[in-house]
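**Q** Could you look at this predicted model? Sequence included:
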Number of protein chains: 4
Amino acid sequence: MAATRKDSVVILIHCKDRKGIVARVSGFIHDFGGNILDSDHHTDEETNDFLMRMEFSTEGLQIPPSEIPAAFAPIAKIFDMRYEVHSSSHRLRVGMLVSKQDHCLADLLQRHKRDELCIDVPVIVSNHDTCASWAELFKIPFAVYPVTKETKPQQEKQVIAQLKDHRVELVVMARYMQILSADFLAHIGCPVINIHHSFLPAFIGANPYRQAYERGVKIIGATAHYATQDLDEGPIIEQDVIRVGHRDTVDDLVRKGRDLEEIVLARAVRRHIEHRVLVYGKKTVVFD
Amino acid sequence: MAATRKDSVVILIHCKDRKGIVARVSGFIHDFGGNILDSDHHTDEETNDFLMRMEFSTEGLQIPPSEIPAAFAPIAKIFDMRYEVHSSSHRLRVGMLVSKQDHCLADLLQRHKRDELCIDVPVIVSNHDTCASWAELFKIPFAVYPVTKETKPQQEKQVIAQLKDHRVELVVMARYMQILSADFLAHIGCPVINIHHSFLPAFIGANPYRQAYERGVKIIGATAHYATQDLDEGPIIEQDVIRVGHRDTVDDLVRKGRDLEEIVLARAVRRHIEHRVLVYGKKTVVFD
Amino acid sequence: MAATRKDSVVILIHCKDRKGIVARVSGFIHDFGGNILDSDHHTDEETNDFLMRMEFSTEGLQIPPSEIPAAFAPIAKIFDMRYEVHSSSHRLRVGMLVSKQDHCLADLLQRHKRDELCIDVPVIVSNHDTCASWAELFKIPFAVYPVTKETKPQQEKQVIAQLKDHRVELVVMARYMQILSADFLAHIGCPVINIHHSFLPAFIGANPYRQAYERGVKIIGATAHYATQDLDEGPIIEQDVIRVGHRDTVDDLVRKGRDLEEIVLARAVRRHIEHRVLVYGKKTVVFD
Amino acid sequence: MAATRKDSVVILIHCKDRKGIVARVSGFIHDFGGNILDSDHHTDEETNDFLMRMEFSTEGLQIPPSEIPAAFAPIAKIFDMRYEVHSSSHRLRVGMLVSKQDHCLADLLQRHKRDELCIDVPVIVSNHDTCASWAELFKIPFAVYPVTKETKPQQEKQVIAQLKDHRVELVVMARYMQILSADFLAHIGCPVINIHHSFLPAFIGANPYRQAYERGVKIIGATAHYATQDLDEGPIIEQDVIRVGHRDTVDDLVRKGRDLEEIVLARAVRRHIEHRVLVYGKKTVVFD
């Protein structure tokens, strides 16, 4: 049987590269009695960005995890770091957005149920009531806010309020078929992960499976990315692909695509909640 | 040990779908004593196009392969078919176009050498002399026509002449870094296969690996397609992909891409020379 | 939108190769007014086995599908064929066997629900009551027969009776963690598909993920096959793989494996119910 | 254009896990003015093995790379470490073993030529003269030692002498179709990488493609591993797979397998020469 993962803390760091960062951060952890379980960093040699993830055990730690950010602040100041500290004992509160298609939502909830994704799901929000039975099965509050072109600004405010009421720390668009406005993204106050049903940047926009079919591609894909104001331009977290052939109709592409969407979205969510993703510029670093 | 492939004839057919085509064509082959080794067809239900490939053994055939096209003409007329007849004993004459990068050329020549690709390569044409040693190693005539913006029309005429002198039946652009003009394609008189170093339609145009790097994609690809006047819009024959990550520089993408380019181009050429590809509209049917 | 699939009939044929089979069968279909939608065949040149699948539209067919087997019998006799005739309007009755792990069952039921798999599921049988809620959600009868070493012969009789009562035409072992006895397989009277959680023939037997972990493989797989009396030796229908690394614990392998198991099993079931699989010897032909 | 890789030093470490290793090693590097470019480590929680790779720039380093091992010795002693220090300016001397099939050899030499693999190849040794032309093309000494069952011990001594004369630091079996004796492996004094033409541990032993064909698998693979006295049991460095189908003969499997063998072997060699592979027990850690 595999060893159970110990309680741990993850520290994520982004700054400009200079000598001594790894030594300084690992020294900090060691001085407080932490045992480094996993460390990874990346230097972008074109931009000189330094990005790091360190995970250390809390066993024997001589400081409560909650005090680490303050204790680390002086080091962060020296290197002008942007940093985050996360405790593995905190289950991230993830709000789900969904429309009519249920496969991504159902997949995430099942992974959640079997503790494959260590999250809490305090609320599911939709513009349709189609997925109510999944919410019921998993005993999660389900809020429906229908939307039209006219009511969109109003509806987005309701959605934001609902998510904030549930103190959501991550929003997952599990095939939510509405484009979130710049205003929504500016006010939601936490990251938003979207699943796009094409291999971005191919087939941007509407109906990507139809586009792929008409172009006669031999492979289709799906892309999970952070939602940003530039539609389909958000930093990519994960992509995957599957072969298609001339026998596949658009419906077959949609069917094969569903499997891809589920898996790609689930992998992206897993990486985010394990604090393995750092965004810089239009890109991500994913520490596997 | 695997059975050796018998001498065979391939018939490729394209027409509008009607009842009785398979029965009529297989009856034709049977009546002349042919044994069908492989048959495959596809009906595009949106466009009602019917596309078929039948391969039959010449053992016991009561008609010389060369007379099949004429004998088949009456049936073709009934169904208003476009058709081609190919004998497996004929080795297709393939002309290679190459620039400075040699990996695709070297790969194809090695496959040719070990009889993995049953073709003749009567000539290699380049705008640089970089690949001369490969031509020498495999004892293939090598013609160099340098090109500038000003001399392009003139150079293309020389290339066409050279290829036609060698009675080339297929042109393979093995990383030939020139865009063939509409005029070239109109006059070359045979299909042209190109390898594009991206997963089309993503990253159309110049420097696709640089584009992919800047977009931060997690997967890169390569695409083999027939060259048409709409650049990067030709019917796709084969595509494949490979994972990349944040540690990969543009140079790493180029390096990983080389392996993809070789394999994707070789597969496309193999399928073409086995007469497994039918073009209709902007798409292909590939009978594997 | 993709064209809807017309009502059709599939004929599956297995005999020794001789000239004229394709012509004879396609002629038969044409004579009765059928339009061939899809045809594929394979000749194993080592064994001289001929295996064929033809699908034809019933639109304009001058004979009821139910009378086709009898009408075809004389041709079958000439070529000494084993053959099956299936109508696309008949939904195959699929019985599910499951133990405690629910992911494959849940996945198949969701595909069934969204009409991705055109089947009926008249009953789910288990040796545990763990999956009862799925049966309830999808309103399918759920029968539990606990089993011990001592009660196994007795329990298998109950399972067979239950499946036969529901006139099951295919049994799917959706992670049913019992080995079916030779006796069971001899009496069940229909094909049984199993999902093995390794890339067969690697890691035969118990605990394949643990075995894979200890061997340090870089890729793990799953295999869907027909159950036969030689355990793990049944004809393979479908396999797929995923990369693993040194950071993956046995639990991670199990988690990644679940996704594989679902997808591989679903693909195998889809192919079986579309009558695309022919078994001969220890192997299958899968007509995609 | 991507940044050129700076001159660097890699330190590889293996010991039992204890607190403070990362801090101590990164502190050591920092104290001598090194800038850590890349660091990665893995703790096997079952065995408590700690394995680490750190790469640091020599720019501004206040100690010659050659003196690092001695300077590091006291730290190694504290943690009871096994360690290696490698300089990126040193090109590893790689001896090639080959038999009749040339594809893996030709592939490695071409990668070497275009500086994709930064190695020296001082000698190619074979039991046949088939590959002489490749040695000639790349101007590398080529030594032929035919072998029979009787002369094997004698021949192995000659091969070892030849490789040692060229001060080889890595031996690559590029489809060398002889089993190296335990005696050879005990005396060669450097790692040996082999490419096995199957997805180990499936199809151990002779004729794996034939075995795969007869079992009717849907995917074949290749495995690069360190050669050990237990044949086909050496620690796996890299594996990859490709789909096959019922139309593929054994010859087709061999052909598809060649592409796999080339790519898998090249990846394994690249990882080894970049000092990314650590062996412990029967397994490897590969730091990508």
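**A** Here it is on my side, so go on.

**Q** what about residue A:271, how many residues close to it?
**A** By other C-beta atoms under 10 Å in any protein chain shown, 19 other residues sit near residue A:271. Quick note: C-beta positions are derived from backbone N, CA and C, even for glycine.

**Q** close to chain D, is the helix or strand hosting it?
**A** Here residue A:271 sits within helix A:250-273, counting by DSSP states H and E. No - judged by C-beta under 8 Å from any C-beta of the partner chain, helix A:250-273 makes no contact with chain D; its nearest approach is 15.2 Å.

**Q** so what secondary structure elements neighbour that helix?
**A** strand A:92-98, helix A:103-113, strand A:170-173, strand A:192-196, helix A:208-215, strand A:219-226, strand A:236-243 (3 or more C-beta pairs under 8 Å, 6 or more residues apart in numbering or on different chains; DSSP states H and E).

**Q** Out of the ones you listed, which gets the lowest mean score?
**A** Averaged per stretch, pLDDT over those is lowest on helix A:208-215, reaching a mean of 93.

**Q** Tell me what angle that helix forms with strand B:236-243.
**A** 130 degrees (axes from the mean of the first three to the mean of the last three C-alpha atoms, to 10 degrees).

**Q** now what about helix A:208-215, what contacts it?
**A** For helix A:208-215, the external contacting residues (C-beta atoms under 8 Å, 6 or more residues apart in numbering or on different chains) are A:196-198, A:202-203, A:205, A:220, A:244, A:248-250, A:253-254, A:257, B:200-201, B:236, B:282-283.

**Q** And the pLDDT for whichever residue of the stretch 51-200 of chain A sits closest to chain B?
**A** Per C-beta to the nearest C-beta, residue A:199 is where the stretch 51-200 of chain A lies closest to chain B, at 6.6 Å. In the prediction, the pLDDT value recorded for residue A:199 is 88.

**Q** Can you pull the residues of the stretch 101-250 of chain A lying near chain B?
**A** Counting by C-beta under 8 Å from any C-beta, the stretch 101-250 of chain A sits next to chain B at A:199-203, A:214-219, A:221, A:235-241, A:245-247, A:249.

**Q** Enumerate every residue touching the closest residue to residue A:190 other than its chain neighbours.
**A** On the basis of C-beta to C-beta, 6 or more residues apart in numbering or on different chains, the spatially nearest residue to residue A:190 that is not a chain neighbour turns out to be residue A:169, at 5.3 Å. By C-beta under 8 Å, 6+ apart, the residues touching residue A:169 are A:92, A:93, A:94, A:190.

**Q** Which member of the residues you listed exhibits the greatest number of neighbouring residues?
**A** residue A:94 (24 neighbours).

**Q** Tell me what that residue is bridged to.
**A** residue A:170 (DSSP bridges).

**Q** That one reaches residue A:268, doesn't it?
**A** No - using C-beta atoms under 8 Å, residue A:94 is not in contact with residue A:268; the gap is 12.0 Å.

**Q** What is the neighbour count of residue A:244?
**A** Using other C-beta under 10 Å: residue A:244 sits among 20 other residues.

**Q** Around the residue lying closest to residue A:118 once chain neighbours are set aside, how many other residues sit close by?
**A** Leaving aside its sequence neighbours, residue A:118 sits nearest to residue A:91 (C-beta to C-beta, 6+ apart; 5.6 Å). Look at residue A:91: counted by other C-beta under 10 Å, it has 14 neighbours.

**Q** how about stretch A:55-62, does it reach chain C?
**A** No - using C-beta under 8 Å from any C-beta, stretch A:55-62 never reaches chain C; the gap is at least 11.4 Å.

**Q** And chain D, is that stretch touching that?
**A** Yes - with C-beta under 8 Å from any C-beta as the criterion, chain D is reached by stretch A:55-62 at residue A:60.

**Q** so how far is that stretch from its chain's centroid?
**A** 26 Å (C-alpha atoms, centre = their mean, to the nearest Å).

**Q** Run through who's touching that stretch.
**A** Under C-beta under 8 Å, 6+ apart, the answer for stretch A:55-62 is A:6-11, A:29, A:32-39, A:65, A:87-88, D:19.

**Q** what does the stretch 1-150 of chain A have sitting close to chain D?
**A** Counting by C-beta under 8 Å from any C-beta, the stretch 1-150 of chain A sits next to chain D at A:2-3, A:17, A:19-24, A:26-27, A:29-30, A:33-41, A:43, A:45-46, A:60.
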